[in-house]
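[1] here is the input, now give the coordinates:
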Amino acid sequence: MLLKDKKILILGLANHRSIAYGIAKACHQQGAKLALTYLNERFEKSVKKLAADFDEPLLLPCDVTKDDQIPTLFDRIREEWGTLDGLVHSIAFANQEDLKGAFHDTSRDGFLLAQDISAYSLTALSKYAKPLMEENGGSIICMSYLGGERVVHNYNVMGVAKASLEMSARYLASSLGEFGIRVNVVSPGPIKTLAASGIAGFRGILEEVRQRTPLQRNVTQEEVGDVSAFLLSDFSRAVTGETIHVDCGSHILGF
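    Here you go, the predicted structure:
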């Protein structure tokens, strides 16, 4: 097993269709011990139901917009586990009105909100993960999308946030490398998730990508989970600062 007895913290689990669920599933299958977070009491019940699919994972609250909740999260992990081997950042959010129409109409508040939750949170989480990882080394991964590299219709402010996320991951890879901590980006193709449903015209994007990718299909949560498990494992111990596209090859094409 790639992740036997590895301790992995996963943020962003929403439902069975979420990318974070696919990653949790793959990590569980590879022998990892899991900690899963939920945003608040409203989401606690649904995450508990998902947690039943795994082997008694830790369930911990964390709202990444609250500065006090992030250190509290890692204090709890230290109490339960002592150390941490992997961190999965699968969090993104933007106001729905900013995911359609003209990008130049993006509000200041909408822009800052997307950056705060979707990008800055990686840096904030990494800061507190570091003390738990530096003894044995560790792996941090985050989820991006091609819209952070190229213009994707209606992705708008989220594309800018993903660009910020990817560059943050590279700077983190540089600053944390001396402690044996690796930081990488996984960039899946479009997947029908709750978050994606907020993007205007998403079904059209999904179908167009399916028709035009070299593999002529869309990627699945399970496939993203498998690549993520590889990046969290010692098999990728010399890989850091990379963006790995898990998109059936769509990123190589000019549409």
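
[2] contacts and neighbour counts: CA atoms only from here.
    OK.

[3] so, low pLDDT: which residues of the stretch 101-250 of the chain?
    Residue ranges of the stretch 101-250 of the chain with pLDDT under 70: 192-206.

[4] residue boundaries of the strands in it?
    Ranges of strands in the stretch 101-250 of the chain, per DSSP state E, counting those that start in this stretch, are 138-143, 181-188, 243-246.

[5] need the CA coordinates for the first one. PDB is fine.
    The one in question is strand 138-143. What follows is strand 138-143, C-alpha atoms only, in PDB (Å, rounded to 0.1, in the frame of the first residue of the first chain):
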ATOM      1  CA  GLY A 138       5.400  15.600   4.300                       C
ATOM      2  CA  SER A 139       3.400  16.300   1.200                       C
ATOM      3  CA  ILE A 140       0.900  19.100   0.600                       C
ATOM      4  CA  ILE A 141      -1.300  19.100  -2.500                       C
ATOM      5  CA  CYS A 142      -4.000  21.500  -3.700                       C
ATOM      6  CA  MET A 143      -6.600  21.300  -6.500                       C
END
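
[6] picking up where we left off before, mind putting the strands of the stretch 101-250 of the chain in JSON lines, distance to Asp105 included?
    Below are those laid out as JSON lines (distance: least, Cα to Cα, whole Å):
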{"stretch": "strand 138-143", "distance to Asp105": "26"}
{"stretch": "strand 181-188", "distance to Asp105": "27"}
{"stretch": "strand 243-246", "distance to Asp105": "29"}
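
[7] and the helices in this structure?
    Along the chain, the stretches classed as helices by DSSP state H are 19-29, 41-51, 69-80, 108-115, 121-133, 156-176, 202-212, 221-232.

[8] for the second one, buried residues please.
    The neighbour-count check on helix 41-51 (16 or more other Cα atoms under 10 Å) flags 44, 47-48, 50-51 as buried.

[9] tell me the mean pLDDT over that helix?
    Averaging pLDDT along helix 41-51 yields 91.

[10] cool, and the third one?
    Helix 69-80 carries an average pLDDT of 98.

[11] surely Lys162 and Asp116 touch.
    No: using Cα atoms under 8 Å, Lys162 makes no contact with Asp116, being 11.2 Å away.

[12] neighbour count winner among the two?
    Neighbour count, other Cα atoms under 10 Å: between Lys162 and Asp116, Lys162 has more, with 25 against 19.

[13] ok, now which ones touch that one?
    Counting by Cα atoms under 8 Å, 6 or more residues apart in numbering, Lys162 touches 118-119, 144-145, 147-148.

[14] try 10 Å this time
    For Lys162, the contact set (Cα atoms under 10 Å, 6 or more residues apart in numbering) comprises 92, 114-115, 118-119, 142-149, 168, 187.

[15] show me how to select, in PyMOL, the buried members of the residues you listed.
    Only the buried entries of those go into this PyMOL selection, using 16+ other Cα under 10 Å:
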select buried, resi 92+114+115+118+119+142+143+144+145+146+147+148+168+187
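
[16] return the closest of the contacts of Lys162 with respect to Lys6.
    The closest of these to Lys6 turns out to be Cys142 (Cα to Cα; 17.8 Å).

[17] hey, what's the closest one bridged with?
    His89, Val185 (DSSP bridges).

[18] please report the distance of it from Gly241.
    11 Å (Cα to Cα, to the nearest Å).

[19] do the same with Leu50
    Distance of Leu50 to Gly241, computed by Cα to Cα: 31 Å.
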